[in-house]
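> show me the folded form of this:
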Amino acid sequence: MTESNRVLPGGIVCLPSVDPLLCPPDEKAERETRNTLQQLDYIQGLIERGAEHVRESHVHEFHRLAVQGIFPCAGSYRTLTRTAELRGGDVTHVPPEPALIGPLVNEALDRINGELDDLRSRGRERVTENMKQAIDTAAYALWRFNWIHPFAGGNGRTARAIAYLVMTIDFGHMIPGTPSMPTYIASKRKEYEAALRKADDAALEEREDLASMFVLVGEAMAEQLKGAIRDIDAQISALSG
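This next block holds a predicted model:
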């Protein structure tokens, strides 16, 4: 570790904000991009095998893929409490103690999978209502897994992959178009962090406010589907030209 552990009020030991890198710093961004593509390949494999729920094993694999070759904690829940920090180093959230991670992950998955079951039971005829519920569920997944902060690093990329799997399961097939939802959200860091802050503040008051996260996920899906339309238009132009 490059800095000493910090102790928060109440004696909670926090991991350093800088994790030991397994790769040269100038290669980190490239590896993150490559790992994100592997997460998308993993989602495609799950969908092709008929996945209807998000499993805890999927959470671990998303994390393993997110940080492989970057951090040494791939696929393992954190064993110490660490602060969740946004750009600039501000501590915005002290996540639950490690002993609570497993139960909280499974509680979140129960809610997510219940929503997916409800969507499936209603069929595809209520398109607008179903899409809203799917986006609601993905927004919850995106915030909740950031809030639980189950891993020492790579939590954002893991949460975005889980949220995207939720949307993909609802679609019933891989969603066409680029940028993919996780990539778009990662590119909107200011809006993403603001949505996380808003949801975290509401959680401190024992209420849920995912309105900003819902808007961000909805925008991401719209941009991806617009990308699919652009691809079709380009193919038509190529054929007609």
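
> need the next SSE after the helix or strand of the chain with the lowest mean pLDDT, C-terminal direction.
The helix or strand of the chain with the poorest confidence is strand 13-14; it has a mean of 33 (mean pLDDT, DSSP states H and E). Using DSSP states H and E, the helix or strand that follows strand 13-14 towards the C-terminus is helix 28-48.

> quick check: what element follows that following helix along the chain?
helix 56-67.

> which secondary structure elements does that next one contact?
In this structure, helix 56-67 makes packing contacts with helix 28-48, helix 101-122, helix 155-171, judged by 3 or more Cβ pairs under 8 Å, 6 or more residues apart in numbering; DSSP states H and E. For the C-beta atoms, the positions are set from N, CA and C on the backbone; glycine is no exception.

> make it 6 Å
Counting contacts by 3 or more Cβ pairs under 6 Å, 6 or more residues apart in numbering; DSSP states H and E, helix 56-67 is packed against helix 28-48, helix 155-171.

> need the contact partners of the shortest one.
Applying Cβ atoms under 6 Å, 6 or more residues apart in numbering, the contact partners of helix 155-171 are 39, 43, 47, 54, 62-63, 66, 116, 119, 134, 137-138, 141-142, 145-146, 149, 175, 181-182, 185.

> can you list the buried residues in the very next helix or strand once past it?
Remark: after helix 155-171, the chain's next helix or strand is helix 181-187, criterion DSSP H and E. Buried positions in helix 181-187, judged by neighbour count with 16 or more other Cβ atoms under 10 Å: 181-186.
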